[in-house]
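*Asks:* Below is the sequence, then the predicted model.
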Amino acid sequence: MGATETIAKWIVNTSYEDIPPEAIRVANESCFDLLGVILAGSAQPVGEIIQQYVDDNGGSRQATVLASGLQTSLANAALANGTMGHALDYDDFGGFGHPTVAIFPALLALGENLGSTGRDLLEAYVVGCELGLALQHTTKYAQMERGFHSTAVIGRMAATAACAKLLGLDEERTVIALGIAGSMASGVIHNFGTMVKPLHAGLTCRDGVMAAQLAQRGFTAGHQIFEHPLGFTTPVLGEGIYDLNEMAENLGHPFRVQDALIIKKYPCCGGNHAMLDSLFSLMREHNFTWEDVAGAEVDQSYLSIVMLYPEPDDELKGKFSAKYNVAAALVDGEISIDTFSEEKIADPEIREAMDKVNMRVFTKWEEGSGEVLKGLPVRITLKDGRTFEHITDRDMILGGAKNPWGFDSIKGKFEVNAGLALPEDRVAETMETWADIGEVNDLSGAIKSTLVGIGK
């Protein structure tokens, strides 16, 4: 039995009861968090455009686009909700880029149409996420060096596995669904800092639905999408990355969801988060402002994607600029949705503060340069000569397994995000309905009663 067949067998046979309670808890928190982020994203320019596109293209009234209540096809709803979920770069990250936005919107569309339960959704989510995490686990970000966005390439396999699980496909049809998804995998890092990056998530969700539905209808595809030298793994990730058979045979041993996901405090690239945690820690401890700072130095790996735009000229590029994030944090003392606006990008104080920020970049050949999970220091030099340094390891980022927010804080984030799209009473109703997704008896009813206005 090859790796693809082994993976399909695991997808089909893994049940809710096999999943550790802690993995279910983290899955619930991440999916709940993303609901709020999708609602906030619906009010962003990219969210408005993708909704117009879906509306113009019509489709069967099978599933709901959140906030607007637009009814469209399963694939279109997954496309719109997935794109809106990544519009602010405020969704969770860890493992293979942005796991939840690559999976949950696809399951939301399918689950609404099928009348699935929240428990069904969480089961499928964890199964799909575990495949993505296993594929990513030992790659050392190899796909990044090849210019691929892991949310878009590995995420498609995760989304397809999750959709196959929710649809109840058998092993043969699951193999086919994965084979179809292998030819869909794409998404390049060059498009970070533009509207295409959130589109990566939307296309991933759309394709996960499409691959599973085509397989269900009898479509054919290769049966060795992972192990074949001309399949998915070698062309996309590279040759000799890992032992696929070992990976496949050890799916779920251990489950990784509960340790991998990080719920974001800041609406920007996750590559900024350890740096920002360190900076805010120094500001709290030593009580200085940007006017006290003579210089700030931030170390970065050569793999870092937060150096794409050292001088960003719009809000989307700002999310991928370490210099801008450090400067904005120093000036405002916070990083929020409002940080990434035309007004803030042009703020003369932030522009002045950016001149104080320097990047020290490790080359590819320096020892430890590729260890993106390793903490990199932030150094502050004050005008009075004092210097401070702080390192936040990636596994200690606020919102991760070792430094969790707590569900009350996640609810607070949800309330703010949902409030950008829904009236106050609807926000409260939505929170009450979706806080424990495992208790939702009918996803269709839950969506229609709490998340949308009158459908079109």
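*Replies:* On my side now, so go ahead. Numbers count the residues shown, from 1 in each chain.

*Asks:* Report the contact partners of Val37.
*Replies:* Val37 makes contact with Gly85, Leu88, Tyr90, Asp91, Val101, Asn417 under the criterion C-beta atoms under 8 Å, 6 or more residues apart in numbering. For the C-beta atoms, the positions are set from N, CA and C on the backbone; glycine is no exception.

*Asks:* Please report which of the residues you listed has the highest neighbour count.
*Replies:* Val101 (35 neighbours; other C-beta atoms under 10 Å).

*Asks:* Might one say that it is in contact with Thr83?
*Replies:* No. Contact criterion C-beta atoms under 8 Å: Val101 and Thr83 do not qualify, at 9.1 Å.

*Asks:* Spit out the residues that contact the two alike.
*Replies:* Joint contacts of Val101 and Thr83 (C-beta under 8 Å, 6+ apart) are Ala201.

*Asks:* any idea how far Ser336 lies from Gln213?
*Replies:* 39 Å (C-beta to C-beta, to the nearest Å).

*Asks:* how far away is Met184 from Tyr90?
*Replies:* Met184 is 25 Å from Tyr90, where distance means C-beta to C-beta.

*Asks:* for this structure, what are the low-confidence residue spans?
*Replies:* Across the chain, the ranges flagged by pLDDT under 70 are 140-141, 364-374, 449-456.

*Asks:* Now Leu199: closest residue in space that isn't a chain neighbour?
*Replies:* Using C-beta to C-beta, 6 or more residues apart in numbering and skipping residues adjacent in sequence, the residue nearest Leu199 is Thr83, 5.4 Å away.

*Asks:* same check, this time on Leu330
*Replies:* Per C-beta to C-beta, 6+ apart, closest to Leu330 is Trp290, 3.7 Å.

*Asks:* Would you map the helices across the stretch 351-456 of the chain?
*Replies:* With DSSP state H, counting those that start in this stretch applied, the stretch 351-456 of the chain shows helices at 407-418, 424-434, 443-450, listed in chain order.

*Asks:* which residue lies farthest from the center of this structure?
*Replies:* Asp384 (41.2 Å; C-alpha atoms, centre = their mean).

*Asks:* Is Ala211 in contact with Ala162, as I believe?
*Replies:* No. Using C-beta under 8 Å, Ala211 makes no contact with Ala162, being 10.9 Å away.

*Asks:* quick one, which of the two is more surrounded?
*Replies:* Ala162 (32 against 29).

*Asks:* Okay, the more buried one and Ser73: tell me how far apart.
*Replies:* Distance from Ala162 to Ser73, by C-beta to C-beta: 18 Å.

*Asks:* ok, Lys413 touching Gly36?
*Replies:* Yes. Proximity of Lys413 to Gly36 meets the contact threshold set by C-beta under 8 Å, at 6.5 Å.

*Asks:* who has more neighbours, the two?
*Replies:* Gly36 (29 against 21).

*Asks:* what about that one, which helix or strand?
*Replies:* Element membership of Gly36, judged by DSSP states H and E, is helix 21-41.

*Asks:* How far off centre is that helix?
*Replies:* With C-alpha atoms, centre = their mean, to the nearest Å as the basis, helix 21-41 stands 11 Å off its chain's centre.

*Asks:* what's the residue nearest to Leu199 in contact with, if anything?
*Replies:* Gly41, Val46, Gly47, Ile50, Pro198, Leu199, Ala201, Gly202.

*Asks:* ok, of the residues you listed, which one's closest to Ala260?
*Replies:* Top of the list for closeness to Ala260, among these and by C-beta to C-beta, is Ala201 at 17.3 Å.

*Asks:* So that closest one, which state does it fall into?
*Replies:* helix (DSSP: H, G, I helix; E, B strand; the rest coil).

*Asks:* so it makes contact with Asp89?
*Replies:* No. Using C-beta under 8 Å, Ala201 is not in contact with Asp89, being 9.9 Å away.

*Asks:* neighbour count winner among these two?
*Replies:* The residue with more neighbours, out of Ala201 and Asp89, is Ala201; 35 against 26, by other C-beta under 10 Å.

*Asks:* For Pro229, which of the helices of the stretch 351-456 of the chain is the nearest?
*Replies:* The nearest among the helices of the stretch 351-456 of the chain, by C-beta to C-beta, is helix 443-450 at 40.1 Å.

*Asks:* For the closest one, give me every contacting residue.
*Replies:* 64, 66, 108, 111-118, 121, 426, 429-430, 433-434, 440, 455.

*Asks:* List the residues that contact the closest residue in space to Lys411 that isn't next to it in sequence.
*Replies:* Once flanking residues are discounted, Lys411 sits nearest to Met431: 6.3 Å by C-beta to C-beta, 6+ apart. With contact taken as C-beta under 8 Å, 6+ apart, Met431 is in contact with Lys411, Phe414, Glu415, Ala418.
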